[in-house]
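> Next input, structure requested:
(2 chains)
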Amino acid sequence: MHLIIAEKNIVANRIAQILAGKEKISQKKEGGVNLYQFGDTATIGLRGHVVEIDFVEGYTNWRSETHPPRSLIDAGVLKRPTEPAIVKLVQKLSKKADRVTIATDFDTEGELIGKEAFELVRAVNQKVKVDRARFSAITPEEINHAFSNASDIDFDLAAAGEARQIVDLLWGASLTRFISLAARRGGNNILSVGRVQSPTLAMIVDREREIESFIPEPYWELSLDTEKDGETFSARHINGKFTDKEQADTAYAATKKPLKVTDVKEGTRADKAPTPFDTTGFIVAAARLGLSAANAMRIAEDLYMNGYISYPRTDNTIYPPSLNLESILDTLSKTQFKKEVDWVRKNRRKTPTQGKKSSTDHPPIHPAGAATPEQLGENWKVYELVVRRFLATLSPDAEWMTMKINLTASKEGYTSTGSRLKEAGWRTVYTYSDAKDSILPVVKPGEELPIKNVNLEEKQTQPPPRYSQSKLIQVMEELGLGTKSTRHEVIQKLVGRKYIEGNPLRPTLVGRAVTESLEGHASEITSPEMTSTLESAMEDIKVKKQSRDLVVTDSRVMLHKVFDALEPNSELIGREIMDQTDEELTIGPCPICGKDLRIRRKGVSQFIGCTGYPDCTFNISLPSSMWGGAVRTKAVCEIHNLNHISLIAKGSRPWEMGCPLCQLITQQKDIFAMIPSMTEKIREDLLSAKIYSAFELGKMDPEALMKAIGVTKKAAEQLIKETLDVMALLKKRSECKKFMKQFVPPKRGRSHTKVMSSFTASGINSIDDLSKVCVEDLKKAGLTEEEANTLKAEAVLLTSKNQLKEIGVPTTSLRKYQEAGFIGPEDLLGSHPAYISLKSGVSIDTVSKHVALVAQYLNKEQPVKITKKHLEKGREELLSLKGISEPVLEQLYCAGIIDLKSLSTANPDKAAKICGLSKEKIKQFKAAVPV
DNA sequence: GCAAGGTC
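Numbers count the residues shown, from 1 in each chain, chains lettered A, B, ... in the order given. Model (predicted):
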């Protein structure tokens, strides 16, 4: 069997299709992994790296005395499967294979992925022949050629990739741990460091510092307005920007009649059609549609997975000759772009535009399938962008008419330029950048024009702009930081670590503090040079000028030097970062005592507390950090002088909460409104007395409240009591919601909050209410019949359980009763103890005791006590009668018949109804009782 | 719990 291993599923599929020719391919899934088989060949796709490198055992504890961060530098590393299902299938097939071909991507990382696959194969099959197919496009010609000319894995190339892996892990993990520990940060708040992320962060910090230290300088611009045939236009002074005020004033004063046209120049300007999309170009264009880099990539990947566009991770801006542009046009003419396709076909340029980069792995991003807006929904605009860009690259250049008018006003020279789109060219199909005409009137040299206005404007030089995501990705690409597949993820990572925020991007204080510490003590890691050095070392490994191990050893030596400098300063570094970040957590003065309020974190919970604690207990609770870590933003509340709060979670937009105290007040407004004797006046008085929450109010002493808001003692007592009642109700509601959440999954338009508010409207406020509810009310809240029944049954179960517990039934017996179907107190009282004992397996003595407790609790008549001895005797008596077996005995117990005596006194009609035996049967048993 | 690189 010939096993072919590709880098990803989609490639495996296409290779199979090409190699199979007309043969039929059978596709099956094993453990969620696709396998394509034809003839004696099986093709499987990996998922990129299916193993990852990690440290050998013993290094998991960050705070270990024996394995501090520095020890990671010399720690051993191993490879561990990250995709066990794929690894398993590869190895299972390898055992049976007599030829294995590695067909991963044709680049360094692809060679490494191939080597990883090779190692998996060798681990289970030492003899099988393993070769390597290299192809730079997935076309029949390339693939067939690659497989009939298969060569060997390039272990040097793979080793270069391994060196990168190891160096990245050693530096990243050791420095991340070191700096996190120094700044006492753990869990969600670790401070990460890495070869790509740290220089990227440093660029953003650097830009911010440039902006801060920028000193604006004034300059002056001089222009005049004139008119021809009723059309006004303006002209700039030929000096451009005046940096000297006096010169500007002189020129202004000298701008006088007559204003004469000295010169008119007309020309044309070519406006080149854009080049094909690589990943960066695509992200930049998508940013104009308002998409973040990560979002644009997510949508592109989605479109790719569904066959609408080609592979979106590419560095290529030149269509390979093998790409069939004609058939793509055919496909697109089946979409709503038919008109544009026809236009392109009629006006097509000789050869498509091309950029500078031609890489081997994937073609530029282009449309691959037809789609409609209905099919794609939100993703449509990205598809449209790819389509229009593709069409633009086949379209002719646009052309502009340009006109330049030179003028003199007395002796001062002025100039005006205009342009008009002459040939729309590619702009016909690529409608994103607006092409505005600025048309000048027709004038002749020597002509005199009126001066309508002379304008002297003072302006200021501007600092450089902050990076937008797409600009940052462009710069990263120029510096060689990251890859086409990872750049956008790096930015997301920096946001997730709360190093950067906003759009355009600016550093947080943490981001800045970490960058500054690293620059001061481990500058290697904040410079893009580390990447270029690593890359040249990798080049050396590829050509055998160096070995992988030598490169790694060198890197280890360097990292030790870094730690030599870092370790003695660990206290200092920690202090620096903590001081700066404390500031970031401080949001302004406490409304009660005036000391600083600070964001506090404890596990997943976070809140705003007063630095005056425990003297001042003022606090505001915040949503759990599962919704995002709380950080302060630049905005400050005008009323409370507090910074606004924003919650930042990985992979989603920050949640702007605004001023936390304003939030608290609005939120409490609804709660206050539930208190019967609350009036708007009292509420205002409470606020002025700095009593912001119902919780605070409920805790108050009536005397103190009396003084604080000027009400009678009786009113104060009443208010406090009502507040406590409302809070108890809210607590019950929240328990009820939590309970409901376990059984009612959220759906579109049926959030848990929505369901709960519907419950409240129907008067359902607690789990207890749920247990007594009418199922129709639950269905009103959007629950299905089944969900409603389940919810009610579960509520009955829980409330009964709590009730029985309160009565004094211990948990173990309680569980047995409920499992046997005796749910609540009434069930225990409604059945004969013997029956309960038989069904639940709880001994009769215990059952009797519990039943007695229940009867006492419910104020019901105490049932007759039955002993174990009595029961056993009765049992023997009954079983001795003809026709009474164990199952019948159970039915008799149900009817309260436990011995001969109770049988003889039983009423057959009643008993039959309860236990399900026929009347005749019971009469028959009665008759058999010996006299 | 660390990196960066693949891919979903």
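
> quick one: A:Ser234 and DNA strand B, what's the gap?
49 Å (C-beta to the nearest atom of the strand, to the nearest Å). To be clear about C-beta, it is placed using only N, CA and C from the backbone, and glycine gets the same treatment.

> Contact partners for that residue?
By C-beta atoms under 8 Å, 6 or more residues apart in numbering, the residues touching A:Ser234 are A:223-226, A:416.

> again, 6 Å this time
Contacts for A:Ser234 (C-beta atoms under 6 Å, 6 or more residues apart in numbering) come out as A:223, A:225.

> Shouldn't it be within a strand?
Yes. Under DSSP: H, G, I helix; E, B strand; the rest coil, A:Ser234 sits within a strand.

> mind giving me the domain split of chain A?
For chain A, automatic domain parsing gives the domain ranges A:2-47+A:83-153, A:165-213+A:468-576, A:218-272+A:400-460, A:279-396, A:590-654, A:667-797, A:830-928.

> can you map out the helices along the stretch 451-600 of chain A?
Secondary structure of the stretch 451-600 of chain A (DSSP state H, counting those that start in this stretch): helices located at A:469-479, A:487-496, A:509-521, A:529-542, A:548-566, A:570-585.

> Same check on the stretch 801-931 of chain A?
Counting by DSSP H, counting those that start in this stretch, the helices of the stretch 801-931 of chain A are A:811-819, A:825-830, A:833-840, A:844-857, A:868-880, A:886-894, A:900-905, A:908-915, A:919-928.

> Could you dump the ones you listed into CSV with distance to DNA strand B and mean neighbour count added?
Formatted as CSV, these follow (distance: least, C-beta to the nearest atom of the strand, whole Å; neighbours: other C-beta atoms under 10 Å):
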stretch, distance to DNA strand B, mean neighbour count
helix A:811-819, 34, 16
helix A:825-830, 46, 18
helix A:833-840, 43, 24
helix A:844-857, 46, 19
helix A:868-880, 54, 15
helix A:886-894, 52, 17
helix A:900-905, 64, 16
helix A:908-915, 57, 16
helix A:919-928, 65, 16
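
> got the contact list for the residue lying closest to A:Gln469 once chain neighbours are set aside?
Nearest residue to A:Gln469, sequence neighbours excluded (C-beta to C-beta, 6 or more residues apart in numbering): A:Ala293, at 4.5 Å. Contacts for A:Ala293 (C-beta under 6 Å, 6+ apart) come out as A:283, A:469, A:473, A:488, A:491.

> swap in A:Ser848?
A:Ser848 neighbours (C-beta under 6 Å, 6+ apart): A:833, A:865-866.

> And those, which is closest to A:Thr176?
The closest of those to A:Thr176 turns out to be A:Pro833 (C-beta to C-beta; 65.7 Å).

> so that closest one touches A:Thr846, yeah?
No. In this structure, A:Pro833 is not within contact of A:Thr846 by C-beta atoms under 6 Å, at 9.7 Å.

> if we can go back for a sec, for the residue nearest to A:Gln469, what are phi and psi?
phi -60, psi -50 (degrees, to the nearest 10).

> Could you report the separation of it from A:Val387?
Separation of A:Ala293 from A:Val387 (C-beta to C-beta, to the nearest Å): 21 Å.

> Same check on A:Lys260?
For A:Lys260 relative to A:Val387 (C-beta to C-beta), the value is 51 Å.

> Tell me which of the two has more neighbours.
A:Val387 (26 against 15; other C-beta atoms under 10 Å).

> ok now do the more buried one, which residues does it touch?
Applying C-beta under 6 Å, 6+ apart, the residues near A:Val387 are A:337, A:367.

> which parts of the helix or strand hosting it are buried?
Assessed by DSSP states H and E, A:Val387 sits inside helix A:380-393. By 16 or more other C-beta atoms under 10 Å, the buried positions in helix A:380-393 come out as A:380, A:382-393.

> Dump those residues to a markdown table, plus pLDDT and distance to A:Glu819.
Converted to a markdown table, the buried residues of helix A:380-393 look like this (pLDDT from 0 to 100; distance: C-beta to C-beta, whole Å):
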| residue | pLDDT | distance to A:Glu819 |
| --- | --- | --- |
| A:Trp380 | 96 | 55 |
| A:Val382 | 96 | 55 |
| A:Tyr383 | 96 | 56 |
| A:Glu384 | 96 | 60 |
| A:Leu385 | 97 | 61 |
| A:Val386 | 97 | 60 |
| A:Val387 | 97 | 63 |
| A:Arg388 | 97 | 66 |
| A:Arg389 | 97 | 65 |
| A:Phe390 | 97 | 66 |
| A:Leu391 | 97 | 69 |
| A:Ala392 | 97 | 71 |
| A:Thr393 | 97 | 71 |
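
> Out of the residues you listed, which is nearest to DNA strand B?
A:Val382 (14.4 Å; C-beta to the nearest atom of the strand).

> Could you report the separation of the closest residue to the closest one other than its chain neighbours from DNA strand B?
Spatially, and ignoring its direct neighbours in sequence, A:Val382 is nearest to A:Ile299 (4.6 Å; C-beta to C-beta, 6+ apart). Distance, A:Ile299 to DNA strand B, by C-beta to the nearest atom of the strand: 11 Å.

> host element of A:Ile299?
helix A:293-305.

> Now do that helix, average pLDDT.
Taken as a whole, helix A:293-305 has a mean pLDDT of 89.
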